[in-house]
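Visitor: Give me the fold of what follows.
(chains A and B)
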Amino acid sequence: MSVVPLIARSVFRESVRDKVLYNLVGFALLLMAASYLIGQLTAGQDVKIIKDLGLAATSLFGLFIAVFIGIGLVSKEVEKRSIYALLAKPIRRHELVVGKYVGLLLTLAVNIAVMTIALYAVLGYMAWMAGPDAARGWERPALDPALLPALLLTFFELALVTAIAVFFSTFSTPVLSAAFTVALFLAGRFSADLRNFNQVVDAPLASALTRGLYWLLPNLGPFDVRAQVVHGQPITLGYLALTVGYAVLYSAALVAAASFIFSRRDFK
Amino acid sequence: MPALATFDLTKEYAVGFWRQRPYRALDGLTLHVEPGEVFGFLGPNGAGKTTTLKLLMQLVFPTSGRAEILGRPVGDLGVRRRIGYLPENPYFYDYLTAEELLAYFAGLFGYAGAERTRRVSQLLDEVGVGAERRLQLRKFSKGMLQRVGIAQALINDPELVILDEPMSGLDPLGRRDVRSLILKLRDRGCTVFFSSHVLSDAEALCHRVAIMAKGRLATSGRLSDLLQFQARGWELVVAAAPDALHAALSAAATRAVTIGGGRHSYEFPLTESPDRLVRDVTAAGASLVSLNPLRETLEDLFVQNVLHPDVVTRDRGLGRPSAAGSAR
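Guide: Numbering: from 1, shown residues only, chains lettered A, B, ... in the order given. Purely as a prediction, here's the structure:
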């Protein structure tokens, strides 16, 4: 039997017992509950605001989980030397990296599921409070299943961010890994600006450089479909498949690179 | 086939920030450990002990040379199934219990179901972890973590156990338990290779030892070959010695030490007559506490080799040509 599921299960068990995780999920749930109050202040837009804030909270707190727990997965093991006993067991180093990554994906999936249930609970409560007459005036129903593709894309975006975190943590310190991951996340979210840099600045060298960065850095813009979903614009299956495929390929490349580096590393 | 062998094993680390230069942590170590023996790997801090153990576990990769475990190159997964390793000051996952950690590691060796549960429970009993086994490891003391560390090293019933400072962090009772565990392993036919600062433990447990100094093998061999077991002098301990006796004994002794409680210890060369010493002490009305022959201890050998590694170089291994004068 492959050791990857065993490692993943251990990571999952360790992660779900970490107080940091509960704090993050707690904050996300609190934000969703608060969005109900904010929604009360804006007549007619309340459901949209709850959906918008709920999706944003899922993405933001999912990002925190991906970055902080993702970085801790490998670098904390090295820093605290728990990796010594583990690597003495009959496992290959790349199996360890992949197992850790899969374990965190499992943690992320469960957390996003919890946040999704919480979001639908708030929206359901909202619909029940507003009554059927008010609900008829809404552009989309409160319990709109179209939110699910947005949440799915959030999961795959975070899977990619986790892969970035794991990649950096195989050769860098936790603080630097966190800084690099957040920087890449931000660059990835605004990578469309890199592509169009030549329209803003008339410098061929800088344009070529930004164009190169555009192709190299992860393009996270397509994963953010919050505005479309909230305003009832459909997300096609083709778009979903393409974006998920991109995340899977990019993440696989990063995990492969992380495994390569990790397999050659000395643990002094 | 040796249980463990290194051949001119060398490890250099790059040190410095801007202009990196190599630092040789281990220099040409050639060593053999025979199956079934308890081998003590001794040396002060920075002698290269932990680096050697990390090289054997492939936590670091050698700059040159090679190592074999159970006749196979280190890193071979088949070999890993047959060995156990306790790292120095082991640390595990904060949020797992001792039972869960061991079950996890047992799973990596293919143990499952009732067999895994039985093995985990038996090992935790053996190392003296009782009801605490259901506590998360972050609540464990250093000594308890060390016990869990030893248990995880034995989870696969290994043929060879490599222990990095197994007595570290343990109280006297814990050390006694680990000593008896090592002897039990030896009786089972398991080879034990351990690094230690605690020479009395090595002296009590080991068939053979190696002493490292400054990254090199200073000496290795059987304790009986390395130590001069014949007397090299006398140690006399006297209580309530009158001033005149104390002055006379101090003048004749090679070393005189006041050890408190009105007692003094004197060391005399072998030429000194023990009968005369007893007579003098009794005649002066002092109380004779003890009179013992002085023999070379492992500590003496350790100090000689560590302080003067270039002067004292002995290798009295098992006669293997590669083991002799290996690191020079």
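
Visitor: Show me which positions of the helix or strand harbouring residue B:279 end up buried.
Guide: According to DSSP states H and E, residue B:279 maps onto helix B:274-283. Of the residues in helix B:274-283, B:277, B:280, B:281 count as buried by neighbour count, 16 or more other CB atoms under 10 Å in any protein chain shown. C-beta here means a position set from N, CA and C on the backbone, and glycine is covered the same way.

Visitor: Closest to chain A out of those residues?
Guide: Nearest to chain A among the buried residues of helix B:274-283: residue B:277, at 53.3 Å, using CB to the nearest CB.

Visitor: nearest spatial neighbour of the closest one, skipping sequence neighbours?
Guide: Spatially, and ignoring its direct neighbours in sequence, residue B:277 is nearest to residue B:236 (5.5 Å; CB to CB, 6 or more residues apart in numbering or on different chains).

Visitor: Now do the contacts for the one you found.
Guide: Residues in contact with residue B:236, defined by CB atoms under 8 Å, 6 or more residues apart in numbering or on different chains, are B:249, B:253, B:265, B:266, B:267, B:268, B:277, B:281, B:288, B:290, B:291.

Visitor: one more time with 10 Å, if that's ok
Guide: B:249, B:253, B:256, B:264-268, B:272, B:274, B:277-278, B:280-281, B:288-292 (CB atoms under 10 Å, 6 or more residues apart in numbering or on different chains).

Visitor: Can you list which of those are found in helices?
Guide: B:249, B:274, B:277, B:278, B:280, B:281 (DSSP state H).

Visitor: of all these, which two lie farthest apart?
Guide: Farthest-apart pair in these is B:249 and B:274; separation 13.0 Å (CB to CB).

Visitor: shared neighbours, these two?
Guide: B:236, B:268.

Visitor: Dump the C-alpha coordinates for stretch B:82-91 into CSV.
Guide: Extracted in CSV, the C-alpha atoms of stretch B:82-91 (Å, rounded to 0.1, in the frame of the first residue of the first chain):
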residue,chain,number,x,y,z
ARG,B,82,14.9,-3.5,8.9
ILE,B,83,16.3,-0.6,10.9
GLY,B,84,15.2,1.8,13.6
TYR,B,85,16.4,5.3,14.3
LEU,B,86,16.1,7.6,17.3
PRO,B,87,17.2,11.2,16.5
GLU,B,88,18.8,13.4,19.1
ASN,B,89,16.3,15.2,21.2
PRO,B,90,13.4,13.8,19.3
TYR,B,91,10.3,15.9,18.6
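
Visitor: can you tell me if it touches chain A.
Guide: Yes - counting by CB under 10 Å from any CB of the partner chain, chain A is contacted by stretch B:82-91 at B:82, B:83, B:84, B:85, B:86, B:87, B:88, B:89, B:90, B:91.

Visitor: and the fifth one, what is it in contact with?
Guide: By CB under 10 Å, 6+ apart, the residues touching residue B:86 are A:84-85, A:88, B:53, B:146, B:148-154, B:161-166, B:168, B:178, B:194-195.

Visitor: What of the first one?
Guide: Residue B:82 makes contacts with A:90, B:3, B:69, B:70, B:72, B:76, B:109, B:156, B:157, B:158, B:159, B:160, as judged by CB under 10 Å, 6+ apart.

Visitor: now these: which count as buried?
Guide: For those, a burial check counting by 16+ other CB under 10 Å picks out A:90, B:3, B:69, B:70, B:76, B:109, B:156, B:158, B:159, B:160.

Visitor: from those, which single one is nearest residue B:15?
Guide: residue B:69 (28.7 Å).

Visitor: thought the closest one was touching residue B:32?
Guide: No - counting by CB atoms under 10 Å, residue B:69 sits too far from residue B:32 to count as a contact (11.7 Å).

Visitor: Now the common contact residues for those two.
Guide: By CB under 10 Å, 6+ apart, the residues touching both residue B:69 and residue B:32 are B:2, B:3, B:4, B:5, B:6.

Visitor: Next step: these restricted to strands.
Guide: Counting by DSSP state E, the part of these found in strands is B:4, B:5, B:6.

Visitor: Kindly indicate the member of the residues you listed with the most neighbours.
Guide: Most neighbours among these, by other CB atoms under 10 Å in any protein chain shown: residue B:6, with 28 neighbours.

Visitor: any idea how far that one is from residue B:197?
Guide: Applying CB to CB, to the nearest Å, the value for residue B:6 to residue B:197 is 21 Å.

Visitor: And for residue B:47?
Guide: According to CB to CB, residue B:47 stands 10 Å off from residue B:197.

Visitor: Spell out which residues make up each domain of chain B.
Guide: Here the domain parsing of chain B from automatic domain parsing is B:4-82+B:158-227+B:298-316, B:233-294.

Visitor: tell me the most buried of those domains?
Guide: Most buried of those by mean neighbour count (mean count of other CB atoms under 10 Å in any protein chain shown) is domain B:4-82+B:158-227+B:298-316; its value is a mean of 19.

Visitor: Report the rounded mean pLDDT for it.
Guide: Domain B:4-82+B:158-227+B:298-316 comes out with an average pLDDT of 87.

Visitor: got the contact list for the closest residue to residue A:219 other than its chain neighbours?
Guide: With CB to CB, 6+ apart as the measure, residue A:191 is the residue that lies nearest to residue A:219, at 4.7 Å, once sequence neighbours are left out. Residues in contact with residue A:191 (CB under 10 Å, 6+ apart) are A:184, A:210, A:213, A:214, A:215, A:216, A:217, A:218, A:219, A:220, A:221, A:222.

Visitor: Now the fifth one: phi and psi?
Guide: Listed backbone geometry of residue A:215 is phi -80, psi -30, with angles given as degrees, to the nearest 10.

Visitor: what's around it, how many residues?
Guide: Using other CB under 10 Å as the criterion, the residues surrounding residue A:215 number 10.

Visitor: so residue B:11 sits in a helix?
Guide: No - per DSSP: H, G, I helix; E, B strand; the rest coil, residue B:11 lies outside any helix segment and is strand.

Visitor: distance of it from residue A:194?
Guide: Distance from residue B:11 to residue A:194, by CB to CB: 44 Å.

Visitor: With residue A:125 instead?
Guide: Distance, residue A:125 to residue A:194, using CB to CB: 42 Å.
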